[in-house]
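1. Output the structure for:
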Amino acid sequence: MTDFADTLTNTWQAQNDEGFLLSAPEGIEERSLPDPDVGVTYRLRWMPHREIRSDTAELERRGILNPNRRDEDLFRDPRDPSGRHCFLCAQNIAECNPMERLIPVRLAGRDYLIGANFAWIEQNHFTVMAAEHVDQDFTPHVLDAMVDLYRRAGGEYRVLYNGAQAGATIPWHLHYQITTERLPVEDLPEGSEARYPAALRRVQVDGQGTLTALAAVNDWIAPDPEHRRVNVLIAGAVAQPMVHVFFRDRRLSHATIKGLMGGFEICGDLIYSEPDKRTIFETATVETARNAIAEVRPPET
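-> Model prediction:
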């Protein structure tokens, strides 16, 4: 493990000890659903602590949210129809979430901040946010930054990008998700992309850098940039990381039994926390999980 990976992992543990990371008395439950036809094991998780993220009073009681925050001073992107403040701007975090520790890092020539996700989905789940308030558009810099981060952490942290309206709920501020947990799609056998329920292409970063992966993304988005999006996962060997490109369409963002399908879901992790979804968590089958992922697959793929 690199010094940088150690810093991340130690920060995660400190934020947990300080009470910044959400927890709930009911605890977390997990189900594994092996899919021999595809070659992966889908993972379903019951994570009731995530429901607390919308309970303002409870967040204030725990000190996660500053009860004396000055809402009038918070930056809001004028394109956000909800009028909410940007949760990823450093000045807003300082005002609203004073417990959050931000780790500065420079990736592919641009400044970023890394903070533990208090409504976490995975162990060691951080959000990596651009220091500048710029859109969540996929550009060559994005892939370079993801690979830079992956290598800097010695391959200990997977790096995940969600396209706007394809899992990213804050499309006006560039960010990624990272976690130390292995994701189900990583076990997909070589050459089996066509069997995976999502539209997937895998490209190994080799001597040509990220050019092949970028070409795959461009070939998908260019014919219809208004609707076409991608989710991208970096995992695998540090020297030659594997770029997983999932082809998405913003018009197919939700699955019937899951709701919003972001990067974790596309990679085989289906997370449930809402009380009315408890039955789905308990009764879901391999076919349920496979169909949820396939439901957001663009018909053109």
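
2. Mind jotting down where the strands sit in this structure?
-> 29-35, 40-46, 102-107, 110-116, 126-130, 158-164, 167-168, 175-179, 200-204, 228-236, 241-249, 254-255, 259-260, 269-272 (DSSP state E).

3. which helices and strands sit right next to the second one?
-> Strand 40-46 sits against strand 29-35, strand 269-272, helix 278-283, helix 286-294, with contacts defined as 3 or more Cβ pairs under 8 Å, 6 or more residues apart in numbering; DSSP states H and E. (Each C-beta comes from the backbone N, C-alpha and C, glycine too.)

4. Tabulate these in JSON lines, adding columns for distance to residue 125 and mean pLDDT.
-> What follows is the helices and strands packed on strand 40-46, written out as JSON lines (distance: least, Cβ to Cβ, whole Å; pLDDT from 0 to 100):
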{"stretch": "strand 29-35", "distance to residue 125": "15", "mean pLDDT": "97"}
{"stretch": "strand 269-272", "distance to residue 125": "11", "mean pLDDT": "96"}
{"stretch": "helix 278-283", "distance to residue 125": "19", "mean pLDDT": "97"}
{"stretch": "helix 286-294", "distance to residue 125": "20", "mean pLDDT": "97"}
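
5. any idea which of those is most buried?
-> Sort these by mean neighbour count, taking mean count of other Cβ atoms under 10 Å, and strand 269-272 sits at the top with a mean of 22.

6. Okay, now the sheet partners of that one, with direction.
-> According to DSSP bridges, the neighbouring strands of strand 269-272, each with its direction, are strand 40-46 (parallel).

7. List the buried residues of the partner strand.
-> Of the residues in strand 40-46, 40, 42-46 count as buried by neighbour count, 16 or more other Cβ atoms under 10 Å.

8. repeat for stretch 127-145
-> Going by neighbour count (16+ other Cβ under 10 Å), the buried part of stretch 127-145 is 127-131, 133, 136, 138, 141-145.

9. so what's residue 59 up against?
-> Residue 59 makes contacts with 52-53, 65, as judged by Cβ atoms under 8 Å, 6 or more residues apart in numbering.

10. Excluding covalently adjacent residues, which one is nearest to residue 210?
-> residue 143 (4.7 Å; Cβ to Cβ, 6 or more residues apart in numbering).

11. Test my guess that that neighbour contacts residue 233.
-> No: the pair residue 143 and residue 233 fails to qualify as a contact (Cβ atoms under 8 Å) at a distance of 11.5 Å.

12. who touches both of those two?
-> Counting by Cβ under 8 Å, 6+ apart, the common neighbours of residue 143 and residue 233 are residue 243.

13. can you state the direction angle for the longest helix along the chain and strand 110-116?
-> Ranked by residue count, the top helix of the chain under DSSP state H comes out as helix 3-17. Note on geometry: by axes from the mean of the first three to the mean of the last three Cα atoms, to 10 degrees, helix 3-17 and strand 110-116 are set 40 degrees apart in direction.
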